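Undergrad: All I have is the shape, not the residue letters:
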């Protein structure tokens, strides 16, 4: 394990017929959900609510994944969640993700239909991009899902399931069409898309004062290109073993049926580039209508600490016990981010708990570090959807694998990613960007030679600064490890995908953080006494509602008996 070098500083109906009639938490845009096209709701008013609901899904759906990936853990104040902590999940586990995403998809579908009537092509393009965002999440979580038959209401009450790879292929084309539509949008103040400046709570004037339609075109196309890169990168597997010189090792494989080089060339030819800023949602969060992450994991709209703030605490794998002897996998040498990702307990200590331990006063919530202010800042902060850091990590991986994107230099792009991670956390915490970059530079400089930070590393260093024998790491290992650091608490669903698709050797069919680098390997497996698994689940089961209302189609899906350990199509390990 790496030695600490410095002391850290303080700083509207239930799902019917399996899919098409969904209840909305925030508001209903349809009087009759099975006749969505008959709604009189204007497209311009659907957009902000749909985006807000997307933000809610991204903010509030992943507590179980935060646990699985070694970020958070259940505190000893609560009894164990046996289903989650044994990995014996059922068709009733996390069903809100399925219904929430399809509900959100219906909003964007209706918006697109209504916008088409008014020739509001920018709104149509946004609808296609956001549908791609939601459908990609569904595929990544469940595999094959209803797609071509979906979102048709009574026209297809028992929609067929499409193959995941075919969905991915079409999502790429949907995004391409969206970009064409957006580029063709009327930029005048009197055009059908002019209201986007005020109604778009992602890239409009709420977050970018003085925005014009011209400005927003660039932001949306950068977001779209980054979404395409996220999809394409999922189709890249393996590549860590035998990584002697920092290049891509063996095994390395790619999903058949998707021409990755051609797709990346198409993105480059389009020319607008990728996100270099955080894509966020900001409808006007305030103390009485707070950020959805804050309202679930910190305090509700009355200012009362939520039950989740007591339930979810720091995982000892990530935060360690706060001592030099036991820093956890996060060695955190020169890394101030730990103080932004976690909040100290009442004794001023960053103490974590093993995931799955029995309830105990020794691990009571008050003794443990909590969720840090760098993840939420306050109730009025915008909700993160896709960060600049993730955008840079995607680019860095593609470059490392031999593709030309961005600046073409994997090491420089990785530095951009680490810098962006610091900036996001510092700014949300209330600090300035310049200070964030100073700490980021100290972190990178202070960890030269360590394979979890230094992309040129050829092996771990011992406590005397000498290389240890064993696996030579760096390159892709460093990129994937840093992505795990940076997306802590922000996008665990993307880290989960990395865990599944990037195996570290021919004998391990998933990524093992820290292996061969002098750290405790992980993410840590649940220590619940009845858990016998040595890897975390790789998918969710289809919800029970599908077996009730769409039984023939869901029953035809392959490998149902091996769930939740049957691999998604892009997980070739």
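TA: Thanks, I have the structure now. What you see is a predicted model; the values in this text were computed from it and never measured.
Undergrad: Report pLDDT for residue 94.
TA: pLDDT, residue 94: 97.
Undergrad: Quick one: the strands in the stretch 51-200 of the chain, in order.
TA: Using DSSP state E, counting those that start in this stretch, the strands assigned to the stretch 51-200 of the chain run over residues 72-74, 145-146, 161-162.
Undergrad: And those strands: which comes nearest residue 541?
TA: Set against residue 541 and scored by Cβ to Cβ, these come closest in strand 145-146, at 12.5 Å. From N, CA and C alone the C-beta is placed, and that goes for glycine too.
Undergrad: The closest one pairs with which strands, parallel or anti?
TA: strand 161-162 (antiparallel) (DSSP bridges).
Undergrad: outside of the strand it pairs with, which residues touch it?
TA: 144, 145, 146, 147, 148, 149, 553, 554, 556, 557 (Cβ atoms under 8 Å, 6 or more residues apart in numbering).
Undergrad: between those, which is nearest residue 546?
TA: residue 554 (4.2 Å).
Undergrad: Give me the spatial nearest neighbour of the residue nearest the centre of the chain, chain neighbours excluded.
TA: Nearest residue to the geometric centre of the chain (Cα atoms, centre = their mean): residue 491, 2.7 Å. Nearest non-adjacent residue to residue 491, counting by Cβ to Cβ, 6 or more residues apart in numbering: residue 390, 6.2 Å away.
Undergrad: What of residue 120?
TA: In space, residue 120 is closest to residue 192, 4.0 Å off (Cβ to Cβ, 6+ apart).
Undergrad: what's the neighbour count on the spatially closest residue to residue 123 that is not a sequence neighbour?
TA: Excluding the flanking residues, the one nearest residue 123 by Cβ to Cβ, 6+ apart is residue 115, at 3.7 Å. Residues near residue 115, counting by other Cβ atoms under 10 Å, number 25.
Undergrad: For residue 115, report the pLDDT, please.
TA: So residue 115 comes in at 97 (pLDDT).
Undergrad: Surely it touches residue 43?
TA: Yes - between residue 115 and residue 43 there is a contact at 4.0 Å, judged by Cβ atoms under 8 Å.
Undergrad: coming back round to it: what residues are up against the residue nearest to residue 491?
TA: The contact partners of residue 390, taken as Cβ under 8 Å, 6+ apart, are 226, 230, 417, 483, 486, 487, 491, 494.
Undergrad: Please name the residues that touch the fifth one.
TA: Listed by Cβ under 8 Å, 6+ apart, the contact partners of residue 486 are 387, 389, 390, 393, 417, 418, 420, 421.
Undergrad: State the pLDDT value of the closest residue to the first one other than its chain neighbours.
TA: Translated: residue 387. Excluding its sequence neighbours, the residue lying closest to residue 387 (Cβ to Cβ, 6+ apart) is residue 278, at 4.9 Å. Note for residue 278: predicted pLDDT of 98.
Undergrad: Residue 278: what's it in contact with?
TA: Counting by Cβ under 8 Å, 6+ apart, residue 278 has contacts 384, 386, 387, 388, 424.
Undergrad: same deal with residue 362?
TA: Shown in contact with residue 362 (Cβ under 8 Å, 6+ apart): residue 76.
Undergrad: got it, and residue 429?
TA: Contacts for residue 429 (Cβ under 8 Å, 6+ apart) come out as 11, 340, 373, 374, 377.
Undergrad: re the thing from before, got a pLDDT number for the residue nearest to residue 491?
TA: pLDDT, residue 390: 98.
Undergrad: Repeat that for the one 10 residues further on.
TA: As summarised for this prediction, residue 400 has a pLDDT of 94.
Undergrad: ditto for the one 5 residues further on
TA: In this prediction, residue 405 carries a pLDDT score of 96.
Undergrad: wait, it sits on residue 269?
TA: No - using Cβ under 8 Å, residue 405 makes no contact with residue 269, being 11.9 Å away.
Undergrad: Have a look at these two and say which one is more surrounded.
TA: The neighbour count for residue 405 versus residue 269, taken as other Cβ under 10 Å, is higher for residue 405 (21 against 7).
Undergrad: Could you check how far the more buried one is from residue 428?
TA: 27 Å (Cβ to Cβ, to the nearest Å).
Undergrad: before we move on, what about residue 73?
TA: Remark: distance between residue 73 and residue 428 (Cβ to Cβ) = 23 Å.
Undergrad: Who has more neighbours out of these two?
TA: residue 73 (29 against 21).
Undergrad: Can you give me every residue that contacts that one?
TA: So residue 73 contacts 67, 312, 313, 314, 315, 316, 352, 353, 354, 355, 356, 357 (Cβ under 8 Å, 6+ apart).
Undergrad: give me that answer again for 7 Å
TA: Applying Cβ atoms under 7 Å, 6 or more residues apart in numbering, one finds that residue 73 lies in contact with 67, 313, 315, 352, 353, 354, 355.
Undergrad: for those residues, which one is nearest residue 457?
TA: Once Cβ to Cβ is applied, the member of the contacts of residue 73 that ends up nearest residue 457 is residue 315, at 25.4 Å.
Undergrad: Phi first, then psi, for that closest one.
TA: The phi and psi torsions at residue 315 (degrees, to the nearest 10) take the values phi -80, psi 130.
Undergrad: Run a quick neighbour tally on it.
TA: Residues contacting residue 315 under the criterion other Cβ under 10 Å number 30.
Undergrad: if we can go back for a sec, just the ones of the contacts of residue 486 in helices?
TA: 389, 390, 393, 417, 418, 420, 421 (DSSP state H).
Undergrad: ok so, going back, please pick the buried ones from the contacts of strand 161-162.
TA: Neighbour counting by 16 or more other Cβ atoms under 10 Å classes 144, 145, 146, 147, 149, 553, 554, 557 among the contacts of strand 161-162 as buried.
Undergrad: Lowest-confidence member of those, which is it?
TA: Model confidence across the buried ones among the contacts of strand 161-162 bottoms out at residue 557, which has 91.
Undergrad: That one in helix, strand or coil?
TA: The assignment at residue 557 comes out as coil when based on DSSP: H, G, I helix; E, B strand; the rest coil.
Undergrad: ok, back up a step: angles on the backbone of the residue nearest to the centre of the chain, please.
TA: Per degrees, to the nearest 10, the backbone of residue 491 is at phi -140, psi 60.
Undergrad: Many thanks, I have nothing further to ask.
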